[in-house]
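Student: Sequence and predicted structure are below.
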Amino acid sequence: MIVKDLVETEELMASETAENVYVIYKRYENVDCRCSERSIREEIECDPEEVVQY
């Protein structure tokens, strides 16, 4: 199971876009968790994920 942790968010180009239009940058740290019935038995660091949405 991939667990995503949002670690950074920022509004980009605010002065360059029309009113009510937003460009959002998000950065996630990802961890692949191996779970047993009731606990996490292993965590594997994955590459961070960067997303730009408009």
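Tutor: Yep, that arrived.
Student: Now do the same contact list for Glu16.
Tutor: With contacts defined as CB atoms under 8 Å, 6 or more residues apart in numbering, Glu16 has no neighbours. For every residue, glycine as well, the C-beta is placed using N, CA and C.
Student: how near is it to Tyr54?
Tutor: Here Glu16 is placed at a distance of 12 Å from Tyr54 (CB to CB, to the nearest Å).
Student: Please identify the helix or strand for Glu11.
Tutor: strand 2-12 (DSSP states H and E).
Student: if we look at that strand, which residues are touching it?
Tutor: For strand 2-12, the external contacting residues (CB under 8 Å, 6+ apart) are 22-33, 46, 48-49, 52.
Student: Next SSE downstream of the lowest-mean-pLDDT helix or strand in the chain?
Tutor: Here the helix or strand of the chain ranked lowest by mean pLDDT, DSSP states H and E is strand 40-45, holding a mean of 81. Proceeding N to C from strand 40-45, the next assigned helix or strand is strand 49-53, under DSSP H and E.
Student: Do I have it right that Val52 meets Tyr25?
Tutor: Yes - A contact is recorded between Val52 and Tyr25 when judged using CB atoms under 8 Å, the distance being 5.4 Å.
Student: Okay, and the beta partners of Asp5?
Tutor: With beta bridges defined as DSSP bridges, Asp5 has these partners: Glu29.
Student: pLDDT at it, what is it?
Tutor: According to the prediction, Asp5 has pLDDT 94.
Student: Burial check on it, number of neighbours?
Tutor: Residue crowding around Asp5 was assessed by other CB atoms under 10 Å; the count is 10.
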